[in-house]
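A.B. asks: Pasted the sequence and its predicted model underneath.
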Amino acid sequence: MSRKFRLVTAILLVAMLMTSLAGCKGSGKVKVGLSFSDFATERWKNEEILMRKLLEDKGYEVISQEAAHDVKLQNDQIDNMVTQGVKAIIIVAEDGDAAATAASAAAKKGVIVLAYDRLIKTPDISAYVSFNNVEVGRQQALGVMSALNIDNWDVAGKGPARVVKLGGSPTDNNAILFRQGQDEILDPLEKAGKIEIVADQWVENWDAANALKLMENILVAAGNDIDAVVASNDGTGLGALQALKAQGLAGIVPISGQDATAPGCNSIVKGELTVSILKDIRDLSPLAIDLVDQLIKGEKADLKMYTLAELTNDPSMKGEVPCKFLPVYQVNKGNVYDLVVKSGFQSYDDVYRDIPEAQRPAKP
Ligand code: BGC
């Protein structure tokens, strides 16, 4: 072999080695995907930050995307994460039916798929972690009904209490479960003639602007004669509250929310939103990350099997999914300080924004 040939061969070998090292860049870490329906609801961005940090602390590389309520885009983003070689994907599904396509395809390629907070309707997912969503609905309806003092409602004098139901996004399985819980409280009252349902609507995309529009129309149709609103989260509840406010009904007509958001809790201390629901994402995010870590390492996880039929209220659904559900807490004017502020879930300054100094409790 000539010297020149040996030199060229050596240069080529070094070049090949460098190229292959460059190709390996970052691949030392196992990749995990985070797929979000949207960042319009306060909690999802917070959970993205929480989960990213927890994953990175465990040495994972994170690929995160949000789909701005676009069902097809979310499936494309999931497919793309699989192409990028993720070992696991945590999904907040925009649509529990549509996401099943991408989730199943990922699972069939050996990717661990975790449905986060919202169910994805396929037994191919590795796990589903969420909160007690039916209890969310019960607590929303109970909070509103007790503010109405429904036990002592003067049906003879005033007629049944006129109640509006505002559900969440119909493509979100949780919205169905919240409604199930709400109806467990409302149906018997309706049968007993204590309440009357004057409107029953679903708020597309959980969008506050949609809720405002719906509520305006409901108020016009009812000539403002409504007594209570069971809304399904803080975003839509506060949207509807704007319509109530415009008619001088804020703080008079009880209304529910969910998520104990900063604006929701601020509205509670102002006496406008009646009730929210605390679901502590500081517990759900670590639960999801520990679970994904265990599943990636092939360790056994502490989960319980549920049938898709019971998770969806749809007896035609086949298969089962390992799950874990965390508790939920009703937040109202009486306990918001202890439950939300003292626990650090929301900051004192956010919750008591615009409240005069003299009317605020002491800082915790
Ligand atoms: C979640 C709620 C959230 C809503 C809108 C539901 O699936 O459980 O916490 O407010 O989606 O994003």
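C.D. replies: Great, that's in hand.
A.B. asks: Helix or strand next in line after the helix or strand harbouring residue 187, which one?
C.D. replies: Per DSSP states H and E: residue 187 is located in helix 173-191. Toward the C-terminus, helix 173-191 is succeeded by strand 195-202 as the next helix or strand (DSSP H and E).
A.B. asks: and the residue most central in space within the chain, what does it touch?
C.D. replies: What sits nearest the mean C-alpha location of the chain, by CA atoms, centre = their mean, is residue 117, with 5.6 Å. The contact partners of residue 117, by CB atoms under 8 Å, 6 or more residues apart in numbering, come to 92, 129-131, 174, 284. For glycine as for every other residue, the C-beta is placed from the backbone atoms N, C-alpha and C.
A.B. asks: For the ligand, tell me which of these show up nearby.
C.D. replies: Filtering the contacts of residue 117 for proximity to the ligand (criterion: CB under 6 Å from any ligand atom) leaves residue 174.
A.B. asks: Nearest to the ligand among the contacts of residue 117?
C.D. replies: Ranked by distance to the ligand (CB to the nearest ligand atom), the contacts of residue 117 are led by residue 174 at 3.7 Å.
A.B. asks: I'd like the distance between the closest one and residue 206.
C.D. replies: 10 Å (CB to CB, to the nearest Å).
A.B. asks: quick one: common contacting residues for these two?
C.D. replies: Residues touching both residue 174 and residue 206 by CB under 8 Å, 6+ apart: residue 168.
A.B. asks: what does the stretch 251-364 of the chain put close to the ligand?
C.D. replies: 258-259.
A.B. asks: What are the boundaries of the helices in the stretch 251-364 of the chain?
C.D. replies: Here the stretch 251-364 of the chain has its helices, by DSSP state H, counting those that start in this stretch, at 262-269, 281-296, 308-312, 336, 348-351.
A.B. asks: got a list of contacts for the second one?
C.D. replies: If I follow you right, that is helix 281-296. 30, 32, 43, 46-47, 50-51, 54-55, 58, 87-88, 90, 112, 114, 116-117, 126-127, 129-131, 300-301, 303, 324, 326, 345.
A.B. asks: Equivalent analysis for the third one, please.
C.D. replies: Contacts of helix 308-312 from elsewhere in the structure, counted by CB under 8 Å, 6+ apart, are 96, 119, 121-123, 128, 173, 176, 314-321, 323.
A.B. asks: Just the buried residues of those.
C.D. replies: Those of the contacts of helix 308-312 that meet the buried threshold are 96, 119, 121-122, 128, 173, 176, 317, 321, 323, by 16 or more other CB atoms under 10 Å.
A.B. asks: could I get the helix holding residue 187 in CSV with only the CA atoms?
C.D. replies: What follows is helix 173-191, C-alpha atoms only, in CSV (Å, rounded to 0.1, in the frame of the first residue of the first chain):
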residue,chain,number,x,y,z
ASN,A,173,-64.0,11.7,27.7
ASN,A,174,-63.6,13.7,31.0
ALA,A,175,-66.4,16.0,30.0
ILE,A,176,-68.7,12.9,29.9
LEU,A,177,-67.5,11.8,33.3
PHE,A,178,-67.9,15.3,34.8
ARG,A,179,-71.5,15.3,33.4
GLN,A,180,-72.1,11.8,34.9
GLY,A,181,-71.2,13.2,38.4
GLN,A,182,-73.2,16.4,37.9
ASP,A,183,-76.2,14.3,36.9
GLU,A,184,-76.0,12.0,39.9
ILE,A,185,-76.7,15.1,42.0
LEU,A,186,-79.1,17.0,39.6
ASP,A,187,-81.3,14.2,38.3
PRO,A,188,-82.9,13.3,41.6
LEU,A,189,-83.6,17.0,42.3
GLU,A,190,-85.1,17.3,38.9
LYS,A,191,-87.3,14.2,39.5
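A.B. asks: Good, we can wrap up now.
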